[in-house]
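Peer 1: Build me a structure from this.
(chains A and B)
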Amino acid sequence: GDSVTQMEGPVTLSEEAFLTINCTYTATGYPSLFWYVQYPGEGLQLLLKATKADDKGSNKGFEATYRKETTSFHLEKGSVQVSDSAVYFCALSDQAGGGADGLTFGKGTHLIIQP
Amino acid sequence: DTEVTQTPKHLVMGMTNKKSLKCEQHMGHRAMYWYKQKAKKPPELMFVYSYEKLSINESVPSRFSPECPNSSLLNLHLHALQPEDSALYLCASSRRGTGSTGELFFGEGSRLTVL
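Peer 2: Just a heads-up that it's a prediction; the model follows:
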């Protein structure tokens, strides 16, 4: 079955540091890939997505590129802020044709940014 | 309107109580989901409704009873819960059909405490 593996935290960085959170996946077919972010006490928000190989998703300074050859979707940001402290989930949807089976999530990475 | 609205935000109930969680979306999505999330864990899929019909039940105990009265509303009826059922319950929705990427739109969640 489908699976997502991401580095687990907590990951602690200083403000303005470079961020990478690794994510690799296993899926049949051609999945869509997502990064969701969850701030304390809140639900999940879509951060960015990519639906086919070599697509780059970007939002709020975060980027991730869909790499089919390495089955990866690593999240990067050049300069993190304290407000980026949250839990980040990598996820995939193996729903070619618009089905509804939900998402396969990684275990989540707790990111802590210190001033 | 790109929101999924969940009520109540917080709920405390005893093991003999009956309560309900409610979820609403007006994006025209035809798939709706209930997830359960424990602290520091990824969301776990409970139920999926597709075109108002239950399509996935992930072996959830019968003390959780979902209902989809129409394409915009999703309820989760709770009865005789156990303390281990305390968690954040997330509702989500998604498009169906051609062009769907599998992206889920999440609500803020209902935090349930069972005493």
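Peer 1: tell me the contacts of the closest residue to A:Ser83 other than its chain neighbours?
Peer 2: Spatial nearest neighbour of A:Ser83, excluding adjacent residues (Cβ to Cβ, 6 or more residues apart in numbering or on different chains): A:Ile113 at 7.8 Å. Where C-beta positions appear, they are placed from N, C-alpha and C, glycine not excepted. Contacts were defined as Cβ atoms under 8 Å, 6 or more residues apart in numbering or on different chains; by that measure A:Ile113 touches A:12-15, A:17, A:80-85.
Peer 1: Surely B:Ala80 touches B:Gly14?
Peer 2: No: taking contacts as Cβ atoms under 8 Å, B:Ala80 lies outside contact range of B:Gly14: 9.9 Å.
Peer 1: Looking at these two, which one has more neighbours?
Peer 2: The neighbour count for B:Ala80 versus B:Gly14, taken as other Cβ atoms under 10 Å in any protein chain shown, is higher for B:Ala80 (14 against 10).
Peer 1: so which pair among the contacts of A:Ile113 is furthest apart in space?
Peer 2: Within the contacts of A:Ile113, A:Thr12 and A:Ser83 form the most distant pair, 15.4 Å apart (Cβ to Cβ).
Peer 1: So for the residue nearest the centre of chain B, what's the pLDDT?
Peer 2: Note on chain B: the residue nearest the mean C-alpha position is B:Trp34, at 2.8 Å, using Cα atoms, centre = their mean. Looking at B:Trp34, its pLDDT stands at 97.
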